[in-house]
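Chemist: just a sequence and a predicted model for now, questions to come.
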There are 2 protein chains.
Amino acid sequence: MANSIRDVASRAQVAVGTVSNFLNRPDRVAEATRKKIESAIADLNFVPNASARHLRSGSSRTIGLLVPDITNPFFTEVARGAGDTASENDYTLLLCNSDEDPKKEERHLKVLIEQRICGLLITPSFEGLAGVAELNRRNIPTTFIDRKAESLEQSSVSMDDFYGGKSAVKYLASLGHTSIAWVNGPLSIAQCASREAGVMDSAKEQNVKINKFQVNQMRSQNGYEVAKNILESTSQVTAIFCANDLVALGVLRALLENGKKIPTDYALIGYDDIGFSASASIPLTSIAQPAYKLGALAAQMIINEVENGKKFKHEQIVFKPELVIRASTQALRK
Amino acid sequence: MANSIRDVASRAQVAVGTVSNFLNRPDRVAEATRKKIESAIADLNFVPNASARHLRSGSSRTIGLLVPDITNPFFTEVARGAGDTASENDYTLLLCNSDEDPKKEERHLKVLIEQRICGLLITPSFEGLAGVAELNRRNIPTTFIDRKAESLEQSSVSMDDFYGGKSAVKYLASLGHTSIAWVNGPLSIAQCASREAGVMDSAKEQNVKINKFQVNQMRSQNGYEVAKNILESTSQVTAIFCANDLVALGVLRALLENGKKIPTDYALIGYDDIGFSASASIPLTSIAQPAYKLGALAAQMIINEVENGKKFKHEQIVFKPELVIRASTQALRK
DNA sequence: CTGTTAGCGCCTTCAG
DNA sequence: CTGAAGGCGCTAACAG
């Protein structure tokens, strides 16, 4: 068993309480004592036991982050941001991946409760998760990432998806495209629904025709598969807008395999601007979302909430995504 | 404060010990009592406190996973594998990303010790990390992932990098290539060194000429930048082998931008076979490593070690990577 | 099969 | 500024 605060105390010839003070409020202990304790700690290789600390103090200094797909670079960036911020504030981040599976999500939530996390960061992928309601009941602060909170009792850091959908279509219209394929994920995902609303709104404004296509999961393979449908569809689509980059990359691959030229035959736009999009063989035009920043800010907000308790004011922060133009789009040639 | 085992006991009209038994050895409690306890737990929404449990039992049922770059899909797959296995065995996985920064790595190691992890999974990116030695001193089992342990006192799950390097060159030689660019990362990384040894060995056997190029970090951008050097080099290289897929994807982009055709002008091979390689616009031939399996197996092994203590036999498991042929390579046309 | 009890390591009053 | 004592929630004997 590892050394405890008591071993340190006896070796430094002081009381345990003094060692505890040294650890938590060093200013309250005299210079001389401090030195004795320091060397005792070094000699014994003492590292405080987090469980004991949590148990006694009532605060775990641990925040949970639950993402639907750690395989998606967007979320790994979110996780990096949240992790770095947590570290800087001496919090531990517990990262859980639900793989878009509600069962796994619930299970992770249970573990997080067992760990008595003091705050949760989550990108909810399903409506009305029992687990999230549970967190609420327990008064564990929760902030949404990439999804606006409906309630003012809760913080969120999200993106303006309506605006994102709208600006992609607007941009394509400005290039002369009048018939656009829109490849979306399930409308049950709030982000997808908002982007679609933006798309349709802009289409109306710009007098552009939208052909809707749908994928069940927003992964590359799904994009690859749906591309067939686009190619076979009778309408003469000249541009394709996908609800995320993974899907767009899959579509891109399918198009190229079918001998299509990008951006000549089709203009292609993705969403998220993950790193791979810039380095794709045909660099992808995309709607950029500051993933790292979302994670970092969300972590900072929840830490503030945890530390300031009732004084804390909930905020719903919404960023505007940004169109990043690369080689996969160009003006329509008649 | 949340409900405790005591609240459950009093509501169910039993002793705390019985509730504890119910939680940990349900078979020792009678059917009737069990039901009473179950409903009390449900009524009170009781969830045991992990910290208290750990403190008392001496085991945290938490394993740490420290990776050098969570942004690399290879490692996110490793993490998925380890996380799933941990979950299945009722362990918690604490995932830490060092971003290839020794300082961050040491800091995370400290946190992991505070958490009293019962085992560590790590892909060491630097030699002689103080933190790892520290873990040893504390008798915390450590298993290496993707890196063979030198000591028989330690387990590891790794890949045969020599074989991987060798088989890529052999394959290219079989296609008729006699002059190959080999783009490697720092030789201080054990994997890179072994792959290079394999490359050189095979080159000698096959009578193939190797042109070495080097990147400082194994990311896409680095590959993109090094491609210039390859194009400008005087030797008439016809094939390029990169030490990982990220680098290869960067090279690919640079080549295409310079009007080169793949695989006609250059055959290109990567390493790792990350998901994006299959969906790259020119699907990449690659040396596949079963990342998910590495993570899952390593987690299983460390759990066995934790649970079987001294009886446990350390193993150094080495997988052979597999050549996956896709569109980026073809026989050399004279 | 169930109840009682003594801590696990630490923090926090509260006296000195 | 330092020291003694109580207890956070739980588990593991042990006694009944």
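Modeler: Thanks, I have it.

Chemist: OK, now which residue of chain A is nearest to chain B?
Modeler: residue A:281 (3.4 Å; Cβ to the nearest Cβ). To be clear about C-beta, it is placed using only N, CA and C from the backbone, and glycine gets the same treatment.

Chemist: would you agree that residue falls within a strand?
Modeler: No - under DSSP: H, G, I helix; E, B strand; the rest coil, residue A:281 falls outside any strand and is assigned coil.

Chemist: wait, isn't it in contact with residue B:254?
Modeler: No - using Cβ atoms under 8 Å, residue A:281 makes no contact with residue B:254, being 10.3 Å away.

Chemist: not counting its neighbours along the chain, what's nearest the residue of chain A closest to chain B?
Modeler: Computed as Cβ to Cβ, 6 or more residues apart in numbering or on different chains, the closest residue to residue A:281 that is not its neighbour in sequence is residue B:281, at 3.4 Å.

Chemist: which residues touch that neighbour?
Modeler: A:252, A:253, A:256, A:280, A:281, A:282 (Cβ atoms under 8 Å, 6 or more residues apart in numbering or on different chains).

Chemist: now with 6 Å, please.
Modeler: Neighbouring residues of residue B:281 by Cβ atoms under 6 Å, 6 or more residues apart in numbering or on different chains: A:252, A:253, A:256, A:281, A:282.

Chemist: could you do residue A:314 as well?
Modeler: By Cβ under 6 Å, 6+ apart, the contact list for residue A:314 reads A:154, A:155.

Chemist: so it, which state does it fall into?
Modeler: Put simply, residue A:314 is coil when judged by three-state DSSP.

Chemist: what pLDDT does the model give it?
Modeler: In this model, residue A:314 is scored at 94, pLDDT.

Chemist: just residue A:27 next, same as before
Modeler: pLDDT recorded at residue A:27 is 85.

Chemist: surely it is in a helix?
Modeler: Yes - under three-state DSSP, residue A:27 falls within a helix.

Chemist: number of residues surrounding it?
Modeler: Around residue A:27 there are 6 other residues, counting by other Cβ atoms under 10 Å in any protein chain shown.

Chemist: which element is residue A:256 on?
Modeler: Assigned by DSSP states H and E, residue A:256 belongs to helix A:245-257.

Chemist: meant to ask about residue A:65
Modeler: Under the criterion of DSSP H and E, residue A:65 resides in strand A:62-67.

Chemist: lowest-confidence one in the contacts of residue B:281?
Modeler: Comparing these by pLDDT, residue A:281 comes last, at 75.

Chemist: for that residue, give its distance to residue A:320.
Modeler: Noted for residue A:281: a distance of 29 Å to residue A:320, by Cβ to Cβ, to the nearest Å.

Chemist: ok so, going back, just flag the most distant two among the contacts of residue B:281.
Modeler: Spatial extent of these (Cβ to Cβ) is set by the pair A:253 and A:282 at 10.2 Å.

Chemist: mind listing what residue A:262 touches?
Modeler: Neighbour list for residue A:262: A:268, A:282, A:328 [criterion: Cβ under 6 Å, 6+ apart].

Chemist: in these, which residue is surrounded by the most others?
Modeler: Counting neighbours by other Cβ under 10 Å, residue A:268 leads the contacts of residue A:262 with 27 neighbours.

Chemist: what is that residue paired to in the beta sheet?
Modeler: Beta bridges link residue A:268 to residue A:240 when assigned by DSSP bridges.

Chemist: so it sits right up against residue A:239, yeah?
Modeler: No - Residue A:268 sits out of contact with residue A:239 when judged by Cβ atoms under 6 Å, with a separation of 7.4 Å.

Chemist: now the strands for chain A?
Modeler: Listed in chain order, the strands of chain A (DSSP state E) span A:62-67, A:92-97, A:119-122, A:142-145, A:155-159, A:179-184, A:209-214, A:239-242, A:267-272, A:285-288, A:316-319, A:322-324.

Chemist: where does the stretch 1-150 of chain A dip in pLDDT?
Modeler: A:1, A:127-130 (pLDDT under 70).

Chemist: DNA strand C contacts on that one?
Modeler: Contacts of the stretch 1-150 of chain A with DNA strand C, taken as Cβ under 7 Å from any atom of the strand, map to A:1-2, A:4-6, A:16-17, A:20-21, A:23-24, A:46, A:48-49, A:52-53, A:55-57.

Chemist: again, only this time at 10 Å
Modeler: A:1-9, A:15-25, A:28, A:46-59 (Cβ under 10 Å from any atom of the strand).

Chemist: can you list the strands of chain A in CSV and add distance to DNA strand D?
Modeler: As requested, the strands of chain A are arranged in CSV below (distance: least, Cβ to the nearest atom of the strand, whole Å):
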stretch, distance to DNA strand D
strand A:62-67, 15
strand A:92-97, 18
strand A:119-122, 19
strand A:142-145, 21
strand A:155-159, 26
strand A:179-184, 45
strand A:209-214, 45
strand A:239-242, 47
strand A:267-272, 41
strand A:285-288, 45
strand A:316-319, 33
strand A:322-324, 47
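
Chemist: now those in a markdown table, with distance to residue B:162?
Modeler: Converted to a markdown table, these look like this (distance: least, Cβ to Cβ, whole Å):
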| stretch | distance to residue B:162 |
| --- | --- |
| strand A:62-67 | 36 |
| strand A:92-97 | 33 |
| strand A:119-122 | 42 |
| strand A:142-145 | 43 |
| strand A:155-159 | 46 |
| strand A:179-184 | 44 |
| strand A:209-214 | 47 |
| strand A:239-242 | 41 |
| strand A:267-272 | 38 |
| strand A:285-288 | 40 |
| strand A:316-319 | 48 |
| strand A:322-324 | 41 |
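
Chemist: looking at the ones you listed, which is closest to residue B:96?
Modeler: Closest approach to residue B:96 among those (Cβ to Cβ): strand A:92-97, 8.5 Å.

Chemist: is that closest one anywhere near chain B?
Modeler: Yes - Strand A:92-97 lies within reach of chain B by Cβ under 6 Å from any Cβ of the partner chain, at A:92, A:95.

Chemist: residues making contact with that strand?
Modeler: Residues outside strand A:92-97 that contact it (Cβ under 6 Å, 6+ apart): A:62-67, A:70, A:79, A:82-83, A:86, A:108, B:95, B:111.

Chemist: repeat that for 8 Å
Modeler: Here strand A:92-97 makes contact (Cβ under 8 Å, 6+ apart) with A:50, A:60-70, A:79, A:82-83, A:86-87, A:104, A:108, A:111-112, A:115, A:117, A:299, B:79-80, B:83, B:92, B:94-95, B:111, B:115.

Chemist: what's the burial count for residue A:173?
Modeler: Look at residue A:173: counted by other Cβ under 10 Å, it has 19 neighbours.

Chemist: ok, the nearest residue to residue A:149 once chain neighbours are set aside - contacts?
Modeler: Among residues not flanking residue A:149 along the chain, residue A:156 sits closest, at 3.9 Å (Cβ to Cβ, 6+ apart). Listed by Cβ under 8 Å, 6+ apart, the contact set of residue A:156 reads A:143, A:144, A:145, A:147, A:148, A:149, A:315, A:316, A:317.

Chemist: list buried residues within the residues you listed.
Modeler: Buried subset of those (neighbour count, 16 or more other Cβ atoms under 10 Å in any protein chain shown): A:143, A:144, A:145, A:147, A:148, A:149, A:315, A:316.

Chemist: next up, the contacts around residue A:299.
Modeler: For residue A:299, the contacting residues are A:63, A:81, A:82, A:83, A:85, A:86, A:89, A:91, A:93, A:121, by Cβ under 8 Å, 6+ apart.

Chemist: mind giving me the domain ranges of chain A?
Modeler: Domain segmentation of chain A under automatic domain parsing yields A:5-48, A:59-159+A:291-319, A:161-289.
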